[in-house]
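>>> Coordinates only, no sequence provided:
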């Protein structure tokens, strides 16, 4: 089976990918150091039978640092943020059973689907506070409070730190206070923030933080982290209790919630090699936000009233969602219909707009250089000019 | 965080790694084609929201081919074989509930721990037929039959095609017949065979086949496959049924048993690029077995009676387990104690023996060239000669 990377050297504006792009040096190290030869070279010096305990390379130390960096006590690496959320949901499902709580999770209406699927996997039901609707789609602490009171005592409250639809930042600190007051466990899904923006789960009073390395920590997929407190780590990272009947085998080092051991492989190596870079770039978050807000203004200018940002303004996250009646109008006359927009961008070696959509677009310029941003804006400008030509 | 690949260009004899080593050309393609830039470049052209449905690159077609190659109808990629086994166990746990079967799995006593952990994750209890003990540790169909009858009607029977302790091939075809006769679902864990040896689940009458790409399909970790029949695929790969309360969002393309979507990332790209190579090498399995059995003879010769193969003989799999009183004897006098053996090998740029063990060793020469095998044997010979020197 042979195929090429169609988008090699393209400018990537997919908002889910921008935070995951590996620094050139890390890509080079992976290749030159031979990390791609054995699919899980990280395991060569595994002594205890669990990747998170490996000391050469320093996985154990790395996980400690990841936990600290995000204001938590303990961290395990997982197969992506979805698997991190599974760890939380599984822990909570058991907790709810023990404590005789309703198996219900209150989740923001802008949650990523993986939150809902993780809940479904363990039999937890998801209820949602409403958002404020068009054009901002904010979620308020009051809406959460009402929904929580309606449930009584939910097993878990979830907030998506920056949501995947509009890139709104949720009021996580106030929500943390509310959950503390109501004594409900609180999970923050930081898939879109942890690794690009400053994130501290202590300040959020969060019990669990879920992180995506390939979305926001400049890492290969699939990799994520679940970070938690000492207290919850005893449940979330509890060792296997099963015993095989005849052999009597036990698996005391294995953590069932992460499939015993989460392997890691090259994605884990990449995240470790990228970590210094990630720590450094988080300090430049305010610059990135300025860049993002400038971009919003300039793209809206190109639209002359027919390209409008959705979600909160000014932006406090790099994920951008625009309503684009301008492109929708063009699509109705264009022979490629709704596909014209993504295709026109591809012609200009810019990848990341969802194919087929022209009424709305989602994109990000996080981490792009000035020249690349100019290329993106010039592309939009050229495409916008089709309105007068068709 | 900076660290190097300590074992770059070493000869790898870790039996869990030999089948996972990427061909040089694939490593080169990953680097030169820029597949490491975006952690999940496989998703650039995702239209339907699930990696297994992506047509560019041809993931969907690849999964069809994987299913066919292993004699199955449908396949999904997973986060390693452990996650594939989770899919099966979750499916079976629900089936057992519906059919009012005992939540019990009959698993061979030489199973990989991930089988037991996957069962534990979904609340299934594991019982084991006995093996025949030292020195062969075989599992017989009769032992399975007795254990199954003792349970009554278990929810699932599991056989580890080649086991991770001794590399014995289990009597999977006879077991398949037995399961068919008793109408019990049958899972074969082919983590150590699928991708190196011919594997056909139809011939085994298996309902589920679980596969490890990074163990046996020349792929980066973490990646695996769960292959099944049309019939079981409806349960195992059932789409999400949950609905978020207020927004009414549904996730109809997502498969909860694989976290909605299993992403894939660079491991999936690597497996696709390696697939032709894998298909070709499986045809050379008999040559590999001959090489393996020749190696056994020569290593035993070096031991002069104090290095003995455990498990079945002749070998029908490349995983080798030797009892090594010779090295155990040396370890008692050596200043590095049990560590001397792995360390002496490392000095000779051979990696893969478990550090600290000298009484038993596990290794493989699968896929090694003649020269490399001579190097491994020469190393053992030199180390064996320490007996007369200490």
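Done, it's in. This one's a predicted model, so the numbers in the text were calculated from it and none came from an experiment. Numbers count the residues shown, from 1 in each chain, chains lettered A, B, ... in the order given.

>>> For the closest residue to residue A:352 other than its chain neighbours, which three-state class applies?
Nearest residue to residue A:352, sequence neighbours excluded (C-beta to C-beta, 6 or more residues apart in numbering or on different chains): residue A:14, at 3.3 Å. C-beta here means a position set from N, CA and C on the backbone, and glycine is covered the same way. Secondary structure assignment for residue A:14 (DSSP: H, G, I helix; E, B strand; the rest coil): coil.

>>> got a list of what residue A:14 touches?
A:351-353, A:363-364, B:44 (C-beta atoms under 8 Å, 6 or more residues apart in numbering or on different chains).

>>> how about those in a markdown table, adding distance to residue B:207, secondary structure and neighbour count?
Putting these into a markdown table (distance: C-beta to C-beta, whole Å; DSSP: H, G, I helix; E, B strand; the rest coil; neighbours: other C-beta atoms under 10 Å in any protein chain shown) gives the following:
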| residue | distance to residue B:207 | secondary structure | neighbour count |
| --- | --- | --- | --- |
| A:351 | 41 | strand | 21 |
| A:352 | 41 | coil | 24 |
| A:353 | 42 | coil | 20 |
| A:363 | 45 | strand | 24 |
| A:364 | 44 | coil | 25 |
| B:44 | 35 | coil | 21 |
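
>>> Could you find which two of the residues you listed are furthest from each other?
Farthest pair in the contacts of residue A:14 (C-beta to C-beta) is A:364 and B:44. Separation: 14.6 Å.

>>> Now for the residue of chain A positioned farthest from its centre: which residues touch it?
Within chain A, residue A:246 marks the point farthest from the mean C-alpha position, 43.3 Å out by C-alpha atoms, centre = their mean. By C-beta under 8 Å, 6+ apart, residue A:246 lies in contact with B:109, B:127-130.

>>> Now stretch A:46-65: buried residues?
A:46, A:50-52, A:54, A:57, A:59-60, A:62-63, A:65 (16 or more other C-beta atoms under 10 Å in any protein chain shown).

>>> what's whichever helix or strand residue A:174 is part of in contact with?
Using DSSP states H and E, residue A:174 maps to helix A:172-182. Contact with helix A:172-182 is made by A:141, A:144-145, A:148, A:153, A:157, A:159, A:161, A:185-186, A:188, A:203-206, as judged by C-beta under 8 Å, 6+ apart.

>>> next helix or strand past that helix?
Moving toward the C-terminus from helix A:172-182, the next helix or strand (DSSP H and E) is strand A:186-189.

>>> Can you list the strands that that following strand pairs with?
Partners of strand A:186-189 in the sheet, by DSSP bridges, are strand A:154-160 (parallel), strand A:208-212 (parallel).

>>> Any chance of these in a markdown table with mean pLDDT and mean neighbour count as columns?
Formatted as a markdown table, the strands paired with strand A:186-189 follow (pLDDT from 0 to 100; neighbours: other C-beta atoms under 10 Å in any protein chain shown):
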| stretch | mean pLDDT | mean neighbour count |
| --- | --- | --- |
| strand A:154-160 | 98 | 27 |
| strand A:208-212 | 98 | 31 |
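
>>> Quick one: those strands as JSON lines, columns for distance to residue B:336 too.
Converted to JSON lines, the strands paired with strand A:186-189 look like this (distance: least, C-beta to C-beta, whole Å):
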{"stretch": "strand A:154-160", "distance to residue B:336": "50"}
{"stretch": "strand A:208-212", "distance to residue B:336": "40"}
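
>>> Quick one, which of these gets closest to residue A:329.
Taking C-beta to C-beta, strand A:154-160 is the member of these nearest to residue A:329, at 32.2 Å.

>>> Near chain B, which residues of the stretch 201-350 of chain A? Just list them.
For the stretch 201-350 of chain A, the contact set with chain B under C-beta under 8 Å from any C-beta of the partner chain comprises A:213-214, A:219-223, A:240-242, A:244-247, A:249, A:251, A:254, A:256-257, A:259-260, A:262-267, A:270, A:272-273, A:275-276.

>>> and the host helix or strand of residue A:278, which residues are buried?
Here residue A:278, judged by DSSP H and E, is contained in helix A:265-282. Buried residues in helix A:265-282, counting neighbours by 16+ other C-beta under 10 Å, are found at A:265-275, A:277-278, A:281-282.

>>> Past it, which element shows up next along the chain?
helix A:285-303.

>>> would residue A:234 count as being in a helix?
Yes - looking at residue A:234 with three-state DSSP, it is inside a helix.

>>> Residue A:257 versus that one, what's the distance?
Residue A:234 sits 12 Å away from residue A:257, going by C-beta to C-beta, to the nearest Å.

>>> neighbour-wise, which of the two wins?
residue A:257 (26 against 12; other C-beta atoms under 10 Å in any protein chain shown).

>>> which residue sits closest to that one, ignoring its sequence neighbours?
residue A:87 (4.5 Å).

>>> Show me where the stretch 1-150 of chain A has its helices.
A:24-32, A:59-69, A:81-98, A:113-121, A:141-151 (DSSP state H, counting those that start in this stretch).

>>> could you check the angle strand A:208-212 makes with the second one?
Compare the direction of helix A:59-69 with that of strand A:208-212 by axes from the mean of the first three to the mean of the last three C-alpha atoms, to 10 degrees and you get 110 degrees.

>>> Assign the residue farthest from the centre of chain A to helix, strand or coil.
Three-state assignment for residue A:246 (three-state DSSP): coil.

>>> In space, what's closest to it - neighbours in sequence excluded?
Nearest to residue A:246 is residue B:128, by C-beta to C-beta, 6+ apart, at 3.9 Å.

>>> again with residue A:26
Residue A:26 sits nearest to residue A:273 (C-beta to C-beta, 6+ apart), 4.6 Å away.

>>> Wait, that neighbour touches residue A:31, no?
No - judged on C-beta atoms under 8 Å, residue A:273 makes no contact with residue A:31 at a distance of 11.7 Å.

>>> Stretch A:46-59 near chain B at all?
Yes - where contact is defined by C-beta under 8 Å from any C-beta, part of stretch A:46-59 touches chain B, namely A:47, A:49, A:56-58.

>>> Pick out the most distant pair among the buried residues of stretch A:46-65.
A:46 and A:65 (19.5 Å).

>>> show me the contacts for residue A:362.
Contacts of residue A:362 by C-beta under 8 Å, 6+ apart are A:15, A:319-322, A:353-354.
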